[in-house]
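1. Turn this into a structure:
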Amino acid sequence: MKTPRFAFPLFLTGSAMLSAGPLLVRLADVGATQSAFWRLALAVPLLYGLARVADRQAPLLPPRRSVPWLILAGFFFAADLVAWHLGIGYTVLANATIIANSAAFLFPIWGYFVMRRWPTPIAGLALVMAAIGIALLMGESASLSSDHLLGDLLCFVAAIFYTAYLVVIDRARGGLSAIATLAPVTLVGALFMLPLALMAPGAFWPQDWVPVVLLALGSQVIGQGLIVYALPHLPPVASGVGLLIQPVFAAAFGYVWFAEVLTPVAATGVAILFAAIMLVRRPSAARPPVEKRVPPVGGGATPSGEPPSA
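-> Residues are numbered from 1 along each chain as shown. This next block holds a predicted model:
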């Protein structure tokens, strides 16, 4: 199947929308877990409404074969948000954004070793460049110290759960549209999160609804909606590197809201990230070579970089 022309730009747009998440979590007047709950709960009716508008012929309930995957995706996403929102409260915004986006490397690793989708030389170069860019940003902007150790660990746990979510959400679609997939996943995630939000310390009901509404609309409806749409059309390395647009925008938010000026080293890291994103966008990075690639351990290679059939 031919990849839609705008799949990667839409993925980048969705990823960029997520970059405002840590700022909105800080601005919300509820607890960290509660802000994660409201992000999902407020998005549920919007997503179901959009799903009905987009496809009036679609069934109200998902196919039975997709239900276990949808529930699992909702659980992983709820776990990701709880860990990440808690981590934001215990570390600086730079750490929260950069470490949580470790999924940028974990997702391609899953693609290479589980799906046997081995990188082309250009895709591999883009991933190495992305690692260098992130390392420069972490060295200059992130405070990897014992004071932020708990928050950093929580953000890394969130990255693991988010990688699992990306893997499962692709299986959960089963012919459903992106919005029709994301709506039940968001509902399941909100149901998983509700007991935690009621028991966790911090206010449950917002006094100022603007931050949580923007979090639900920007991060969940638009951001995750675009990512879920584009994900099946992109190789893991493109999806992984595409997630790294978030630290770039986080740096911009830091400059606008907190007058944080990038040092020359950090600016170099941002430039390298942009170069990696542009490089992985090239058609030669998305198309594996014609010859079969043999995995290092076990199993047979699959042609054209496609995952092995079940």
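2. so where do the helices sit in the stretch 101-250 of the chain?
-> For the stretch 101-250 of the chain, applying DSSP state H, counting those that start in this stretch gives helices covering 103-113, 121-141, 149-173, 178-199, 210-214, 225-230, 236-243, 245-258.
3. If you average pLDDT over each of those helices, which is lowest?
-> Among these, helix 103-113 has the lowest mean pLDDT, at a mean of 61.
4. For L150, which non-adjacent residue is spatially closest?
-> Excluding the flanking residues, the one nearest L150 by C-beta to C-beta, 6 or more residues apart in numbering is Y90, at 4.9 Å. Just so you know, the C-beta spots here come from the backbone N, C-alpha and C atoms, and that holds for glycine as well.
5. Wait, that neighbour touches W84, no?
-> No. At 11.0 Å, Y90 does not count as touching W84 under the criterion of C-beta atoms under 8 Å.
6. of those two, who's got more company?
-> W84 (27 against 18; other C-beta atoms under 10 Å).
7. I figured the more buried one hits A100, correct?
-> Yes. Under the criterion of C-beta under 8 Å, W84 makes contact with A100 at 5.3 Å.
8. Spit out the residues that contact these two alike.
-> Common contacts of W84 and A100, defined by C-beta atoms under 8 Å, 6 or more residues apart in numbering, comprise 155, 158, 162.
9. Relative to P195, which of those residues is nearest.
-> A158 (19.3 Å; C-beta to C-beta).
10. OK, contacts around the closest one?
-> Taking C-beta under 8 Å, 6+ apart as the test, what A158 contacts is 79-81, 83-84, 87, 100.
11. JSON lines for the residues you listed, including secondary structure, distance to D29 and pLDDT?
-> Formatted as JSON lines, those follow (DSSP: H, G, I helix; E, B strand; the rest coil; distance: C-beta to C-beta, whole Å; pLDDT from 0 to 100):
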{"residue": "A79", "secondary structure": "helix", "distance to D29": "24", "pLDDT": "94"}
{"residue": "D80", "secondary structure": "helix", "distance to D29": "23", "pLDDT": "91"}
{"residue": "L81", "secondary structure": "helix", "distance to D29": "18", "pLDDT": "90"}
{"residue": "A83", "secondary structure": "helix", "distance to D29": "21", "pLDDT": "90"}
{"residue": "W84", "secondary structure": "helix", "distance to D29": "19", "pLDDT": "86"}
{"residue": "G87", "secondary structure": "helix", "distance to D29": "19", "pLDDT": "83"}
{"residue": "A100", "secondary structure": "helix", "distance to D29": "22", "pLDDT": "71"}
